[in-house]
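Visitor: can you look at this prediction? I've put the sequence above it.
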Amino acid sequence: MNYRKQTALSGVLIIGLLLIAVPTVLAADTEKAKEHYNSGIEMAQAGKTKDAVLSYMAAISADEGFIDAYINLGAIYFETREYDKAMETFKTATEKDPTSVTAFANLGRVNYALKRWLEAETAFKSAISLDDKNAEFYKELGKVYYKKGDFTKVVESISKCHQLGGGDHNSYYMLGKGYQNQDKTTDAIAAYKKSLELEKSYKTHSALGGIYLGQEKYSAAAREYKAALKVNPKGSTAAYNYAVAVQTQDPENYDANIKAWQDFIRLAKKNPRKKNQVAEAERVVKELQEAKKQADLQ
């Protein structure tokens with residue numbers, strides 16, 4: 001069925017309307033299956049989800065080998081977060097058609113949503129074996145390895161994605177994390193900078209700031225944490241690290257340092273997980289205020 005038209009839906013792929021007759025298959029009412037299938041498409045487009053499900057199920061009843069109907073039914077289950085049903089539907093599709101790239105890819109996406117990393121890895125590898133030029137599959141496989149903490153394979157998969165012309169700000173962020181965990185700092189910095197070229201991100205600015213802080217490049221670290229706070233003004237972790245960077249860079253710039261720590265306290269004081277850091281920051285503010293007072297007397 002190479003005439004299928006694929007469209008995106010909630011992270012998985014669905015199949016479009018069948019515009020020509022389905023070939024006749026023994027013991028299957030394919031014309032009736034096509035009618036139910038097309039009705040399912042129309043119901044889904046009209047937002048009538050339950051009716052769409054019934055239509056796709058009717059199409060499958062008429063022709064149990066109708067892979068498109070399984071894929072679209074699974075996509076609805078995915079959209080409505082009925083992940084177990086989606087998984088079983090896509091799994092059935094792969095069993096009935098072991099050459100269906102879409103079925104394997106969607107099975108991988110559902111297993112990813114269910115945090116079944118091994119199953120997701122297997123499904124994406126199957127999709128890649130059927131279509132090894134699809135950059136998106138390598139990116140999604142890289143996401144699985146990222147969740148598993150296998151950063152060597154993160155770099156391998158995401159690099160392949162980029163070689164094929166795919167990728168986005170998040171894939172470059174993951175690539176940066178992969179390199180950073182392999183102590184390939186120069187490559188990590190380059191990946192993070194590429195990510196930021198594509199989209200300004202709190203987590204990417206913070207990751208880059210962390211590298212600079214570790215390198216004792218305090219001015220550069222402060223710049224990245226400040227940029228992170230511009231993206232997310234409520235980011236207390238970046239605010240804390242920004243205060244550390246600016247104070248270490250210029251310990252006697254009391255006004256700037258006091259303000260930085262007070263900004264962190266304001267953001268974090270209601271967060272129970274930041275209790276110890278807030279107490280530390282309050283102590284530092286008092287010390288800075290006392291040091292400023294002594295400096296003004298001289």
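Guide: It's in.
Visitor: what's the helix or strand for V53?
Guide: Using DSSP states H and E, V53 maps to helix 49-62.
Visitor: quick one: pLDDT of M1?
Guide: Here, the pLDDT recorded for M1 equals 29.
Visitor: quick revisit: how far off centre is the helix or strand just after the helix holding V53?
Guide: The C-terminal neighbour of helix 49-62 among helices and strands, as given by DSSP H and E, is helix 67-79. Using C-alpha atoms, centre = their mean, to the nearest Å, the distance from the centre of helix 67-79 to the centre of the chain it belongs to is 22 Å.
Visitor: any idea of the mean pLDDT for the next helix or strand after helix 67-79?
Guide: Sequence-wise, the next helix or strand downstream of helix 67-79 (DSSP H and E) is helix 83-96. Across helix 83-96, pLDDT averages out at 97.
Visitor: how about helix 83-96: buried residues?
Guide: Y83, K85, A86, M87, E88, T89, F90, K91, T92, A93, T94 (16 or more other C-beta atoms under 10 Å). Where you see a C-beta, it was placed from the backbone N, CA and C, and this is true even at glycine.
Visitor: same deal with stretch 281-289?
Guide: Applying 16+ other C-beta under 10 Å to stretch 281-289 flags A281, V284, V285, L288 as buried.
Visitor: and the chain, what are its domain boundaries?
Guide: 1-129, 132-199 (automatic domain parsing).
Visitor: need those domains in CSV with distance to Q298, can you?
Guide: Formatted as CSV, the domains of the chain follow (distance: least, C-beta to C-beta, whole Å):
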stretch, distance to Q298
domain 1-129, 60
domain 132-199, 42
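Visitor: so which of these gets nearest G210?
Guide: domain 132-199 (8.5 Å; C-beta to C-beta).
Visitor: low-confidence ranges in the stretch 1-150 of the chain?
Guide: Along the stretch 1-150 of the chain, the parts satisfying pLDDT under 70 run over 1-28.
Visitor: give me that answer again for 90
Guide: 1-31 (pLDDT under 90).
Visitor: then the stretch 151-298 of the chain?
Guide: Using pLDDT under 90, the stretch 151-298 of the chain drops low at 294-298.
Visitor: so where do the strands sit in the chain?
Guide: Ranges of strands within the chain are 6-9, 12-15, based on DSSP state E.
Visitor: and the nearest residue to G74 once chain neighbours are set aside, how far from N106?
Guide: Nearest non-adjacent residue to G74, counting by C-beta to C-beta, 6 or more residues apart in numbering: T89, 3.7 Å away. The gap separating T89 from N106 is 9 Å, by C-beta to C-beta, to the nearest Å.
Visitor: now do the same contact list for the closest residue to N253 other than its chain neighbours.
Guide: Computed as C-beta to C-beta, 6+ apart, the closest residue to N253 that is not its neighbour in sequence is V246, at 7.3 Å. V246 makes contact with Y218, A222, N253, A256, N257, A260 under the criterion C-beta atoms under 8 Å, 6 or more residues apart in numbering.
Visitor: now list the buried members of those.
Guide: Buried members of the contacts of V246, scored by 16+ other C-beta under 10 Å, are Y218, A222, A256, N257, A260.
Visitor: just those residues now: which is nearest G176?
Guide: A222 (19.5 Å).
Visitor: so what's the closest one up against?
Guide: Contacts of A222 by C-beta under 8 Å, 6+ apart are G209, Y242, A245, V246, Q249.
Visitor: what is the nearest of those to Y146?
Guide: For the contacts of A222, the nearest to Y146 is G209 (20.2 Å; C-beta to C-beta).
Visitor: and that closest one, how far from W261?
Guide: 17 Å.
Visitor: okay, and the common contacts of T89 and N106?
Guide: In contact with both T89 and N106: G74, using C-beta under 8 Å, 6+ apart.
Visitor: now A221: how far from A228?
Guide: 11 Å.
Visitor: just among the contacts of A222, which is most surrounded?
Guide: Highest neighbour count within these, by other C-beta atoms under 10 Å: Y242, with 27 neighbours.
Visitor: that residue reaches A227, doesn't it?
Guide: No. Shown here, Y242 and A227 do not form a contact pair, counting by C-beta atoms under 8 Å, at 9.8 Å.
Visitor: this completes my enquiry, with thanks.
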